[in-house]
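Colleague: Provided below for reference: sequence and predicted model.
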Amino acid sequence: MARIPSITVEQIKNRADVLEIVSDVVQLKQRGRNYFGLCPFHEEKTPSFSVNPSMGIFHCFGCGKGGNAITFVMEHENIDYVEALKRLAERYGIQIEWEKGADDFQKGETALLYEIHEIARDYYQKQLYSSKGKRSLDYLESRGFDKNTLQQFSVGFALDEWDGLYSQIDVKRFNSKVLEKSGLFIKSKDKNRFLDRFRNRIMFPICNVSGRVVAFGGRTMDPDEDAKYMNSPETPIYFKSGTLYGLEHSKTAIQLEKEVVLVEGYTDFLRFYSSGIKNVVAGSGTALNFHHARALKRFTTRTVLCYDGDEAGQKATERSGFILLKEGFDVRAVQLPADDDPDSYLKNKGIEAFQKLQQEAPGFIDHYIRNHQADLKTPASKTRFVETLISEISEVKNPVTRDFIVKEVAEKLNLREERIFSQIRRVYQQKRRGAEAGNGNKSSGISELQIVTATDKAEFELSKLILTDFEDIVGFITSKVPLKVYKHSVITPIAKELYKRVRENQAITPASLFDRDWSDQEKLYLSRLILDAESLPEHLNEQDLMKLAIDCMTVLMTDQLGKSIKELRTKIKEAEKSDADTEPLVLELSQLQKKRHEIRSKLRDIKIG
Ligand SMILES: [Zn+2]
């Protein structure tokens, strides 16, 4: 396996600007030295996601995700480290001269998952053109899909066999953990065997935005099968909510047209794309949600929804329409005849008829009101309708967009704007009250630091101080506070790394700290430490901080002694009760107390400043 030379990695790291990269997907507002915005990794209404460009890091106070520019690209695009480097190199025009080396056995799990999907794609594709796949190919061709399109999108066929794909896998290279995580297999009942998940299905490879296969959607060829479509489950490389079918092919066209047509199914997508409407994407295995919206936002903020003409399609249009509106999209909706889906409409009526529909497509609010005329007939039903609508509008983030929508609703429903605004304010108040009540009993979870005891706090503060620019303090802590006194399960490994870097005279730049393979918990603590170190109150000088360091050190160094002293006291009491000899215990106690006293006074005597 080829490798990126370390000098190129450095180049990429130096060039990759976290603010610029995050800004592509998150709207950021400056506050002091930091920038804040809505977190792209969890759903939230008030910004708790921050970027510190001078340190080159990001951190979310809500879900705890944190890291540098490379981590951000990995997390957001759901790709591995090397892929992220490649992406950034491309972005900044840095040439990668691949080095030979590092064998396949060293490959990370992610790389193996990508690879096994490539094997699956090639295998399924080959089967479509085999004799056993003929019926599927005939079916696709009878529906008007030509070979070019099928090949361009690597459409394939999974045989009606339990081990079709499995027989293609070199189990020496792909261990059972990888097979299980790939989502391509299911374990047999006796757990001893892997069986193909997809059987007798037309297979549509689903790619991430950089074009790597991450999952499959399969359409059954069995008329008795209940599940017409089946998708890969979520896996380490397949984040359903962030993946849109076809985007890797259509992104350029979307940027060019400054608009995207959203359809529901794979065949809808293929029909549009092959008919020349290339600025199109489809969902993949799950209803459109705000993650999808944000993934799209990188390319455009104008959408045309084009779902099935039936009632289910209408419901989906409404749901998606509101999500997109809330995320700041300009949304229009095409209404197809009730017995048409986008695929059938385009196939039967032709591209011009569709383009006319598309051009004349009303704005989403207009479309929504038109479709709900029945709800406007009685005052009671109209009130209910307006309430639902206002509750949706109140979640539109951009106030300018919201004002526009309110104007439109007022005009169409013959209401006073002020009435709608006051109702929106009421919704906000209710939500705020609900949120406050909800926060009261929220405690654990990844987003919370577990700093409970005095030693937890001391370890946190010391690690934070190592991250400051005060060399004397950093030197003092790393030379005088032994690592073995750290006990916190998350802070300890971080402290180890910090000590190591200080001792080896390595730079402790915040962004570089994230280059290690930290766990999510560790990343959470690390980014909090970095941010806290950066925002130490201005009035604290070096002496104050040294004092803080010594206090923390005292807590840690005497903690074990304190515990032993407590235990001894209990033992002495018990001994007294049973009339046993307490003398050796009392002696031990006084020794421990003396030792504690010595440590305390020794630490107190350290000259500060
Ligand atoms: Zn978050």
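Modeller: Alright, I've got the coordinates.

Colleague: how close does Asp308 get to Ser275?
Modeller: To Ser275, Asp308 is 18 Å away according to C-beta to C-beta, to the nearest Å. The way it works is simple: take the backbone N, C-alpha and C, and place the C-beta from them, glycine included.

Colleague: between these two, which one's more packed in?
Modeller: Neighbour count, other C-beta atoms under 10 Å: between Asp308 and Ser275, Asp308 has more, with 24 against 17.

Colleague: doesn't Arg419 make contact with Val409?
Modeller: No. Counting by C-beta atoms under 8 Å, Arg419 is not a contact partner of Val409; they are 10.5 Å apart.

Colleague: more crowded one of the two?
Modeller: Per other C-beta under 10 Å, whichever of Val409 and Arg419 has more neighbours is Val409, with 20 against 13.

Colleague: Quick one: residues contacting the more buried one.
Modeller: Neighbouring residues of Val409 by C-beta atoms under 8 Å, 6 or more residues apart in numbering: Ile365, Ile369, Leu389, Ile390, Ile393, Leu415, Ile420.

Colleague: got the contact list for the first one?
Modeller: Going back to what we said before, that points to Ile365. By C-beta under 8 Å, 6+ apart, Ile365 lies in contact with Leu325, Ile405, Glu408, Val409, Lys412.

Colleague: Equivalent analysis for the fifth one, please.
Modeller: Residues in contact with Ile393, defined by C-beta under 8 Å, 6+ apart, are Leu325, Arg402, Ile405, Val406, Val409, Ile420, Ile424.

Colleague: Contacts only, for the spatially closest residue to Lys278 that is not a sequence neighbour.
Modeller: Sequence neighbours aside, Ala253 is the residue nearest to Lys278 in space, at 3.7 Å (criterion: C-beta to C-beta, 6 or more residues apart in numbering). For Ala253, the contact set (C-beta under 8 Å, 6+ apart) comprises Lys278, Asn279, Val280.

Colleague: One more: Lys571?
Modeller: Leu585.

Colleague: Quick check: Ala293 touching Leu324?
Modeller: Yes. In this structure, Ala293 is within contact of Leu324 by C-beta under 8 Å, at 5.6 Å.

Colleague: which one of those two has more residues nearby?
Modeller: Using other C-beta under 10 Å, the more surrounded residue of Ala293 and Leu324 is Leu324, with 24 against 20.

Colleague: isn't the more buried one right next to His292, touching?
Modeller: No. Leu324 lies out of contact with His292 (C-beta under 8 Å); the separation is 9.0 Å.

Colleague: joint contacts of those two?
Modeller: By C-beta under 8 Å, 6+ apart, no residue touches both Leu324 and His292.

Colleague: And the helices in the stretch 1-150 of the chain, which stretches?
Modeller: 6-15, 18-23, 69-77, 81-91, 109-128, 134-142, 147-152 (DSSP state H, counting those that start in this stretch).

Colleague: From the chain's centroid, how far away is the last one?
Modeller: Right, helix 147-152. Computed by C-alpha atoms, centre = their mean, to the nearest Å, the chain-centroid distance of helix 147-152 equals 32 Å.

Colleague: Likewise for the fourth one?
Modeller: For helix 81-91, the distance between its averaged C-alpha position and the chain's averaged C-alpha position is 18 Å (C-alpha atoms, centre = their mean).

Colleague: and it, what other elements does it pack with?
Modeller: Applying 3 or more C-beta pairs under 8 Å, 6 or more residues apart in numbering; DSSP states H and E, we find helix 81-91 packed against helix 6-15, helix 69-77.

Colleague: would you list those in CSV and tack on mean pLDDT?
Modeller: Below are the helices and strands packed on helix 81-91 laid out as CSV (pLDDT from 0 to 100):
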stretch, mean pLDDT
helix 6-15, 81
helix 69-77, 89
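
Colleague: Surely Leu128 and Leu150 touch.
Modeller: Yes. Taking contact to mean C-beta under 8 Å, the distance of 7.3 Å between Leu128 and Leu150 places them in contact.

Colleague: got any residues that touch both of those two?
Modeller: Residues touching both Leu128 and Leu150 (C-beta under 8 Å, 6+ apart) are Leu137.

Colleague: Let's see the pLDDT reported for the residue nearest to Lys278.
Modeller: You'll see Ala253 listed with a pLDDT of 94.

Colleague: next one: phi and psi at it?
Modeller: Backbone torsions of Ala253, given as degrees, to the nearest 10, read phi -60, psi -40.

Colleague: With Leu195 instead?
Modeller: phi -120, psi 150.

Colleague: what about it, neighbour count?
Modeller: Leu195 has 16 neighbouring residues, counting by other C-beta under 10 Å.

Colleague: same thing with the one 5 residues further on?
Modeller: Residue crowding around Asn200 was assessed by other C-beta under 10 Å; the count is 18.

Colleague: How about the secondary structure of Arg332?
Modeller: For Arg332, the assignment made with DSSP: H, G, I helix; E, B strand; the rest coil gives strand.

Colleague: Would you enumerate the residues in contact with it?
Modeller: Listed by C-beta under 8 Å, 6+ apart, the contact set of Arg332 reads Thr303, Val304, Leu305, Ala361, Pro362, Gly363, Phe364, His367.

Colleague: Identify the residue nearest the fourth one in space, chain neighbours excluded?
Modeller: Leaving out its chain neighbours, the residue that sits closest to Ala361 by C-beta to C-beta, 6+ apart is Arg332, at 4.2 Å.

Colleague: what pairs with that neighbour across the strands?
Modeller: Applying DSSP bridges to Arg332 gives these bridge partners: Val304, Gly363.

Colleague: In terms of pLDDT, where does it sit?
Modeller: Confidence at Arg332, expressed as pLDDT, is 97.

Colleague: can you check Lys496 too?
Modeller: Looking at Lys496, the pLDDT reads 94.

Colleague: Over to Phe49?
Modeller: Listed pLDDT for Phe49 reads 90.

Colleague: what's the answer for the one 5 residues further on, then?
Modeller: At Ser54, the predicted lDDT confidence score is 76.

Colleague: show me what contacts it?
Modeller: Listed by C-beta under 8 Å, 6+ apart, the contact set of Ser54 reads Arg33.

Colleague: Tell me the buried residues in stretch 51-61?
Modeller: Val51, Asn52, Pro53, Met55, Gly56, Ile57, Phe58, His59, Cys60, Phe61 (16 or more other C-beta atoms under 10 Å).

Colleague: Report the buried residues of the lengthiest helix in the chain.
Modeller: Of all the segments of type helix in the chain, defined by DSSP state H, the longest one is helix 542-577. Buried residues in helix 542-577, defined by neighbour count with 16+ other C-beta under 10 Å: 545-546, 548-550, 552-559, 561, 565, 568, 572, 575.
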